[in-house]
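**Q** Could you look at this predicted model? Sequence included:
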Amino acid sequence: MSYDTQLHINSRASTSQPYGTSQRAILNRVAFATAQGEITSWPGYAPTPLIPLPGLAGEAVVADVWCKHEGSRFGLGSFKPTGPTFAMLAVLKAEVKARAGVEASTQDLLDGKYAQVTANVVVSAPTSGNHGRALAWGATMFGCQAVLYMNDGVSAGRAVAIEAHGGQVVRVPGAYEQVVTRLYEDAERHGHIVVGDPGTEQYPHVSRDIMQGYALVVDELMAALDPVRPTHIFVPGGGGIMAAATCGHLWEGYGEHRPRLIVVEPTASCCLYESARQGQHVKVEAAMSVMDGLVVEEPAADALSLLLDGAFAFLTVPDQAAVVAMRQAVQPSSDDPSLVIGDTGSAAWAGLIAVMGDASRRQDLQLTADSQVVIIVTEGATDPAVYRSITGVDADR
């Protein structure tokens, strides 16, 4: 099957370019060590699996394919708890210090030692499901409140999942941009603390904290593969924070031997691709896609800076590829394990299948029979009803 894709090879990114001061100001191993130590100490932490897919590798005519599957992360179905929840925890500790004059530990918050302070802290964020679910879960665990904003096109199941973890959902008519506008208006009016991109004057580096947390996903896959170094990694795009965490952590860790990073977005909503193609921050029109969580009108500034310097390529894929990827994962034609991947989480898999039969794209991406490929699947079936409607299969079968 052939797919209508768009590809931009990023000539600005050179493997010989060192991971420099400007990159380390955004993402660095010292700050990551703090995030890693924190997140791995939380109740329920376990690394997510890196799953070999020899059948898919054979179909793609490459040496190896591995899937880093985030569906089991803290029982929440996606990679998101590593980022927003970590950033939220830093905010809570800062609020306890500001309001009570003490340095609270994570265990203090887990034990409810400063509940008289944290119970009055309200964190908020725009979400199409997973980000909000992670914040609601973290708010319950660490003793604050969470109010999550989503547009009226997001499925009911995703709102229900947020509410099940104690979060309050506010529906906003319109596209993602209208959600963000309403979010910041309400935050100013009610004193909510936004845990998302961009940050606020009080907490300007929230998006960097989110990025440091997301780097744990990449660190785990590097550790699982060691001493093998993959040649290509496909990662979902969206606003770019997860993609940038992947880019920076690989770049700092592997240097000139880092894999070629391919950032994958829906063709309908591809602010990173357009920004890379034009060499500057680009805002795109509101749109709709099966890959709903990647529908973002503009990139995060820090994330875009890292990606423009370090990502190998930017790829857009049609919704058809995402649907095929989800169905192929759960009902493989080979002996590969059956995997449940959600609609947004399908992007990286869709990126690989969209290019593997296209000789021109393969050449541009330097995909050969010797390539060793990782696809980062960022979620499981976070909305079982949507998943069933696309695949015809129950997620918990």
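**A** Alright, I've got the coordinates.
**Q** show me where the stretch 51-200 of the chain has helices.
**A** The residue ranges that make up the helices of the stretch 51-200 of the chain, judged by DSSP state H, counting those that start in this stretch, are 54-60, 84-100, 106-110, 115-118, 130-142, 156-164, 176-190.
**Q** Including mean neighbour count, could these go into a markdown table?
**A** Yep, even glycine has a C-beta here, placed from its N, CA and C like the rest. Written out in a markdown table, the entries for the helices of the stretch 51-200 of the chain read as follows (neighbours: other CB atoms under 10 Å):
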| stretch | mean neighbour count |
| --- | --- |
| helix 54-60 | 19 |
| helix 84-100 | 21 |
| helix 106-110 | 16 |
| helix 115-118 | 17 |
| helix 130-142 | 26 |
| helix 156-164 | 18 |
| helix 176-190 | 17 |
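**Q** can you redo the ones you listed as a markdown table with mean pLDDT and distance to D396?
**A** What follows is these, written out as a markdown table (pLDDT from 0 to 100; distance: least, CB to CB, whole Å):
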| stretch | mean pLDDT | distance to D396 |
| --- | --- | --- |
| helix 54-60 | 97 | 23 |
| helix 84-100 | 95 | 24 |
| helix 106-110 | 95 | 30 |
| helix 115-118 | 95 | 34 |
| helix 130-142 | 94 | 17 |
| helix 156-164 | 90 | 14 |
| helix 176-190 | 91 | 30 |
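**Q** Of all the ones you listed, which one comes closest to V264?
**A** Taking CB to CB as the criterion, V264 comes closest to helix 54-60 out of these, the separation being 14.7 Å.
**Q** Residues touching the closest one, excluding its own?
**A** Counting contacts by CB atoms under 8 Å, 6 or more residues apart in numbering, the residues outside helix 54-60 that touch it are 63-65, 328, 332-336, 352-353, 356, 367, 373.
**Q** and if you look at stretch 381-397?
**A** Under the contact criterion CB under 8 Å, 6+ apart, stretch 381-397 has outside partners 71, 77-78, 129-130, 133, 155, 157-158, 161, 290, 323, 326-327, 330-331, 340-345, 380.
**Q** Which of the residues you listed are buried? Put it as a ChimeraX command.
**A** Selecting the buried subset of the contacts of stretch 381-397 in ChimeraX, with 16 or more other CB atoms under 10 Å as the burial test, is done by:
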select :71,77,78,129,130,133,155,158,161,290,323,326,327,330,340,341,342,343,344,345,380
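**Q** Grab the longest helix from this protein for me.
**A** With residue count as the measure and DSSP state H as the assignment, the chain has helix 206-225 as its longest helix.
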